[in-house]
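# got a predicted model here, sequence first, then my questions.
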Amino acid sequence: MSMLVLDDIKTYYGNIQALKGISLTVEPGECVTLIGSNGAGKSTTLRSISGLTPPRTGSILFEGQEIARMAPQDIVSLGISQSPEGRRCFPRMTVAENLDMGAYLRRDTDVEQDRDRVYELFPRLEERSKQKAGTMSGGEQQMLAIGRALMAKPKLLLLDEPSMGIAPILVERIYETIAEINKQGTTILLVEQNANFALGVSHRAYVLETGKVALSDESAKLRENPDVQKAYLGA
Amino acid sequence: MTSAMGNRNVKIAIFLAGLFVVAILPLFFNESSGFIDDCTLALAYICMALGLNIIVGFAGLLDLGYVAFFAIGAYTMGWFASGFYADADIHLFVGEFASSIPGIHVNFLIVLVIAAALTTLAGIIIGLPTLRLRGDYIAIVTLAFGEIIHRIAINGDEVKIAEGFPLTNGRQGITPVDKIDLPFLEPFTSLNLRPWYWVALALALFVLFVNFRLRDSRLGRAWIALREDEVAAISMGIPAVKTKLLAYGTGAAFGGMSGAFLASYLNTVNADQFAFSFSIFVLAMVILGGLGSIWGGGRGRGRADVHQLPPHPRRAQRRAEQGRARIRPLRAVVRHLRLPARDHDGPQTRRPDTGAAPPDGARTGHRRGRHRARPGGAMTDSSPDLILDARDVSKVFGGLTAVGGVDFAIPRGGIVSLIGPNGAGKTTFFNMLTGLYKPTTGAILFDGAPITGGRPDKIMARGIARTFQNIRLFGTMSARENVMVGEHARMRAGLFGSVLRTPRVRREERHVSDKAAEELAYVGLAANTFDQLAINLAYGDQRRVEIARALASDPKLLLLDEPTAGMNPQESDELTALMHRLRDERGLTILLIEHDMKVVMGVSEYITVLDHGEKIAEGLPDEVRADNRVIEAYLGKGAMHE
Amino acid sequence: MEAASIPAARPKPLQVVQDWLSKYGLILVLLIMPVYYGIQDLSDEGDLSRLGGNIVDGLSNGSIWALVAIGYTLVYGIIELINFAHGEVFMIGSFTAAGFFGTIGLTAGMGVPGLVLGLLLTLIVCMLVSGTLNVMIERVAYRPLRNAPVLAPLITAVGFSFILQNVGLLWRGGSQEGIGDLINSQNALFTVFGVEITNGDLLAIGTTIPLVILMVTFITRSRLGKAMRATAQDPEAARLMGINVDTTISLTFLLGGMLAGAAGLIYALYQTTIWYAQGFTAGLIAFTAAVMGGIGNIKGAVLGGLIIGIIQQIADNRIGTEWTPAIVFAYLVLIMVFKPSGLLGEQTREAG
Amino acid sequence: MVNGMRLALQQADNKAGNFTIKYESLDDSTAQAGNWTPEATSQNARKACQNDKAAVYLGEFNSGATAVSLPILNECGMPQISPANTAVGLTTDEPGADKGEPDKYYPTGKRTYTRIVPIDTIQGAALATTMKEDGCTKVAMTNDKEVYGAGLSRNIQLAAEAQDLNVLFNEGIDPKAPNYRSLASRAAGDGADCFVYAGITANNAVQLYKDFAAAIDGLKMYGGDGVAESGFADPAEGGIPESVGANVKLTVATLSPDDYPPQGQEFFGDFEETYDEPNPDPYAIYGYEAMNLALDAIARSGDGSKEKVLEALFDTKDRESVLGTYSIDENGDTTLTDYGLYSVDGGELKFDKTIKAETGG
């Protein structure tokens, strides 16, 4: 069974249609990426999955369960967490508190362990655990946002533009970590502007154009596709 | 402005017909009927609502103390046209009865002008400290002023301007107040309400007319721009406080005029009338009528949609550490610069007559080439090749150094990039150049003159224009209007010119509108998109409109903050080409903040790298790319192979 | 040429004055009145008991404002809305208290144990009524307008405030109503340095301090409190954490309303007069207190409330009651000019 | 008061001479304001003017409102009878009136306004006389700053100073203030032994008296007709507690039923019978008499026109009424001058005595 199945979802902001029928699947253990230019609907797809902007029509199945009309907190409790575009850390909370918020819905006792795991992935966060998130650099906040999403112990991790506005050197670091997280067993759906990196780390990819899926294939093959090269890789 | 002529004529016809009906309405009712009474009161309140609309609707200043202006207008009438100051004996153009009562009695028309003047003055006095504040704080402080004025009204009987001349008559009220006495007409009476109605109607129409004229004017655009995005607006050369004060003063004047009318009509000025609930009452009228729209509804249609769009990612917090290190002497570096060759002998055709044209001659010495000869002769400046020279600039935010002692120079006609990790202080640096932030230390010279800590609009007027990291267009304006806002600093139309719409103002509007279209075409927008709401344009086009808006001010230096963010490689290439064209065809100097290394390396002639608020490297692209510190702090090893 | 030699970045004298004023000006402004009158007292009467009396009265009045102000600040912090109906929630708290006294037959003549028990019961009832009312207001008036332009909920807030005023008007009539003085409010309990501390003072300050401590602890320590803070800082991110934002907002209104209810009871006991329009005045003052302290900040709201209480009493005593509101608002304007984000102001979400 | 008027009309069987009288009640307040508003008042006045059949305008209760309605009614020559206005300046330029008063209220130059209650010069003197008799030395004065309150307090102060009482201060209060403890403690500090409030109950009078009573032991407290009502005196109706009431004395232009002529005593009986209210508010009898005077004037006018009614009204001489025998002088004032002194006892107003005040000019 596929972990996530989107079937022809259409999402609107007011009267503006952002998604014009997106269908895609994510298999367990996979890392899937959505690429496309700004306004193509990548972030909206993630927002639809998380329930922030529910689709008006279409269905979203997560492990066979319909989640398209669920409230965000119920979706999180099923095991989908998101690191949103622009990081959105809680600026006046410390790093440790931010991580705690990630585990907000969890009642189990393994939270400590998971925090150690995040600190292992991002040692920088442990150094700054007492610091207010708002005073950290963009790259550090990005690590925090990903770490915070991991604290929910998700089955499916949604990452929105983890490389946006970050120094190239940190982009490398973060992508190494994303690959590591995926290797440790978390399924990942990634939205990325920077197609080079995204296609490098993912197994499969969908190319979105103006709210529709224009193309989908294995990442390696898409990298060879001349159209994709021209439009998204800047070859 | 955008509607077709035929459509417009129909609208005018409907308006005139409606006006006729409204004007003859009282003839169908008994001359002292309650209905006319209600209508007259309603018209007076409409005057106030339209006045407040300029403040809240156009300029977006949430004023909860509008009653203050009602009060001041009413008291003006009480002071100058009643028997209140019985020790005085001044009678100016007033009727028989008023002449027989001791006190100051001045004709209504004169009082109306005084009321407008006094309330405008009060608006400015209240506005000066208030309008610097943000959003809801303006609301609470205006509310406070409203209450203070209310209190002064209540206790004014204890405040003696001179013996026998208390400020107000407190809760006892000033009663009765002189009736309106217009030249060539019978004095008004309390029993025949028709003349009162017509005066109220005339006032309301006047205020309505001013509302309409101002909406589509330089000032109206500036107000809406400030409302939509204050930072973007002041970066486009709109002086924030002055422009807001104009809105506040104008709105106040209408409140005052209406207040003076009401004092005469209600025959009393009583402190209890000026309570907070009246401010809310007028505000509710404005809101129910549709904010910012004159008729109510209509223009604001795009707003609801805009509100539901996901918010922009927040600007990341800047962070930097103490310490400063100079890399190498600035002057030495400048000599290494490659500078573009351009032919500037031809006349500059693109400059409008309205703007202060930059000294074109200053650029003639520039030639492409690494070993450029110093321009001689006329130039006496020791560094004539620098359009911007910043020295030892730093910025500290509450103990955290965002930028620490950076020297930075841009040669005239160059394309220069500023790169560095997020939070390195690049945008902070931009904001200091454009005046949004005041440097903690250091000095910035632009075109040979210091601009350190100057106001954004003044710096803009001298020739620095910018775009923003997250697109900051004015959402409820069309693309063309957005660009017209960019020309604000080059325009002259003032409050009265805009209302009267003099031939000069008309010419200017036409000229600016044409020029906006020209700029939009230049950056590559299709003509059919010019009059669409900016928020509805495609992402890439929005970026272009933003650049066109910056170009509209005829800058000498253009600052682009991550212009390719969110663009695909194809669009990025087009933008790179546009940058070259801007430099070559229009002689612009460009400073770029960019993360996309392909763009940076492709377009820059010179690169400066910031990290933690310090300059860690600068030089030609190849030098920077090979610099170990840059690789370590920013680029990473992978970038070397791209 | 001149321009080439950039003038050294030395702060100008004016700048020094400005910096100094922006740091300490506010403290100076706040100290003007007490210091001036303190000196006057010392020279006229040789002791500070008059000023001390004003300050004690100010603290007990101010602690009522503080409890109301916390409600404003919590709500503003989480949905950036000035909840104009909050003052009326406080008024309903007072009315509930007055009504409940009658219901359970509480009179001044009862013994102390019975009175304490009855008052505790009243406190719980008032807090529940006001809290529930506040939650209901949010459901009915604000939630449907969550995505509307900012001004729309502001107007419904004012509308609700008028509705509740009319409820109060119908409930207990249009003029001030004296109610039984259950605690002998103005009875001097003991005297410190010539300053009388009355039963009312003890009640007001003694109830407020534990409630504020409880509230601050709840918000900083508890899981729900953290959810409130997270929602205040970034509601969308909070939803992605699995926080039910609607519930959290309701919780915020509940807490704010409960404090207003407690304040309503204290007010009724302390002043022994209730009035349908008391909420409007109190709301204005408490909101001013919240802004003065830095809106969104609980400690700021408490500080603002106490400062305003003291300003009011000093102004009542020395300048004249009719000028007091003007003086309070003048202080607010001054504070905003010196420190636009209030005394303990944090940057709000907008600025984030 | 309205009930008093109704009763009078009812007893006259809606007839005055040959005319049938219709009574139309106009409210000058709005629900939001809770008090009179200039908008509503002027609208009422106009409504009365516009109605050709209206012969007399009865009102208002509040002098401030009359200042607004009077010029309008004067313009259409409408006779006006107020049962309760006591502000001096509406009719005369005696001390207490502002300069320019009363002429500025009469745009036609002809007097159209009469009242059957003695003006505040007399009440002020009555209060000052009482305080002097009670042995007051230092008086703390407060007022609510409205036309009535400020005017009365001016008159009390003039009279008190004329009788060598030391007026410590005369403070306008903020009716919305939560309490007046600081003001009271200031009075205590100044050594006040007496306290007067000139104003109406609705302006937070109850709190004011309570705070002053708490601040100064044994303080003697006084008030004018503005607080002479059960809403102030009766704790069951939200008034002052009995312990405070024990030290309060009030003046009203209403005397003890026993001091009234037989018609007056009859009125109290009828009123109780009709409205089941044994102790009507002091102004009920004035409402009753205002209506009776109006009916009388209409009957005497002959044709019921405004002009004739007005003439008849100002012609009122030695009218024997429930209030006693009085005339209307050329200013429109009544010749009655007696004030009653009341104390508060167990939540009720209790008549003490009639004061013949020395107005002293």
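Everything's here; your move.
# show me the residue sitting in the middle of chain D in space.
Central residue check for chain D by CA atoms, centre = their mean: the C-alpha nearest the mean position is that of residue D:84, 3.8 Å away.
# for the residue nearest to that residue when sequence neighbours are not counted, which residues are in contact?
Excluding the flanking residues, the one nearest residue D:84 by CB to CB, 6 or more residues apart in numbering or on different chains is residue D:61, at 4.8 Å. (Glycine included, C-beta is placed from N, CA and C.) Counting by CB atoms under 8 Å, 6 or more residues apart in numbering or on different chains, residue D:61 touches D:1, D:82, D:83, D:84, D:85, D:283.
# burial measure for the fifth one, as a count.
Counted with other CB atoms under 10 Å in any protein chain shown, residues neighbouring residue D:85 total 28.
# now do the end-to-end distance for stretch B:561-570.
Using CA to CA, to the nearest Å, one end of stretch B:561-570 lies 19 Å from the other.
# list the buried residues of it.
B:561, B:562, B:563, B:564, B:565, B:566, B:567, B:568, B:569 (16 or more other CB atoms under 10 Å in any protein chain shown).
# which among those residues are in contact with chain A?
By CB under 8 Å from any CB of the partner chain, the members of the buried residues of stretch B:561-570 lying near chain A are B:562, B:565, B:566, B:567, B:568, B:569.
# state the distance from the second one to residue B:546.
The gap separating residue B:565 from residue B:546 is 12 Å, by CB to CB, to the nearest Å.
# spatially central, which residue of chain A would that be?
residue A:159 (1.6 Å).
# would you check that residue D:117 makes contact with residue D:335?
No: with contacts counted by CB atoms under 8 Å, residue D:117 stays clear of residue D:335, the gap being 11.8 Å.
# more neighbours: those two, which one.
More neighbours surround residue D:117 than the other of residue D:117 and residue D:335, with 24 against 15 (other CB under 10 Å).
# now do the contacts for the closest residue to the more buried one other than its chain neighbours.
Sequence neighbours aside, residue D:253 is the residue nearest to residue D:117 in space, at 5.1 Å (criterion: CB to CB, 6+ apart). Counting by CB under 8 Å, 6+ apart, residue D:253 touches D:86, D:117, D:118, D:123, D:225, D:282, D:286, D:336, D:338, D:339, D:340.
# for the residue in the stretch 51-200 of chain B positioned nearest to chain A, give me phi and psi.
Among the residues of the stretch 51-200 of chain B, residue B:134 lies closest to chain A, at 17.4 Å counting by CB to the nearest CB. Residue B:134 adopts backbone torsions of phi -100, psi 140, taken as degrees, to the nearest 10.
# what of the one 3 residues further on?
Dihedral angles of residue B:137 (phi, psi; degrees, to the nearest 10) stand at phi -70, psi -30.
# and it, what pLDDT?
With respect to pLDDT, residue B:137 scores 84.
# show me what the helix ranked longest in chain A is packed up against.
In chain A, taking DSSP state H as the definition, the longest helix is helix A:168-183. Packing contacts for helix A:168-183, counted by 3 or more CB pairs under 8 Å, 6 or more residues apart in numbering or on different chains; DSSP states H and E, involve strand A:31-35, helix A:111-121, helix A:138-150, strand A:187-192, helix A:195-201, helix B:637-640.
# of all those, which one is nearest residue A:74?
Checking the helices and strands packed on helix A:168-183 against residue A:74 by CB to CB gives helix A:138-150 as the closest, at 16.7 Å.
# pretty sure residue A:92 sits in a helix.
No: under DSSP: H, G, I helix; E, B strand; the rest coil, residue A:92 falls outside any helix and is assigned coil.
# so which of the ones next to chain A among the buried residues of stretch B:561-570 belong to helices?
Per DSSP H, those map to helices at residue B:569.
# got the ones next to chain A among the buried residues of stretch B:561-570 as TSV, with pLDDT and distance to residue B:625 columns?
Formatted as TSV, these follow (pLDDT from 0 to 100; distance: CB to CB, whole Å):
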residue	pLDDT	distance to residue B:625
B:562	87	19
B:565	78	21
B:566	74	24
B:567	77	22
B:568	76	23
B:569	78	19
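# so can I have CSV of the ones next to chain A among the buried residues of stretch B:561-570 showing distance to residue B:186?
As requested, these are arranged in CSV below (distance: CB to CB, whole Å):
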residue, distance to residue B:186
B:562, 70
B:565, 70
B:566, 69
B:567, 72
B:568, 75
B:569, 79
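# nearest to residue C:314 among the ones next to chain A among the buried residues of stretch B:561-570?
The closest of those to residue C:314 turns out to be residue B:562 (CB to CB; 54.2 Å).
# isn't that closest one right up against residue B:599?
No: with contact defined as CB under 8 Å, residue B:562 does not reach residue B:599; the gap is 9.7 Å.
# looking at the residue lying closest to residue A:146 once chain neighbours are set aside now. What's its pLDDT?
Nearest residue to residue A:146 in three dimensions, chain neighbours excluded: residue A:83, at 4.8 Å (CB to CB, 6+ apart). Note for residue A:83: predicted pLDDT of 95.
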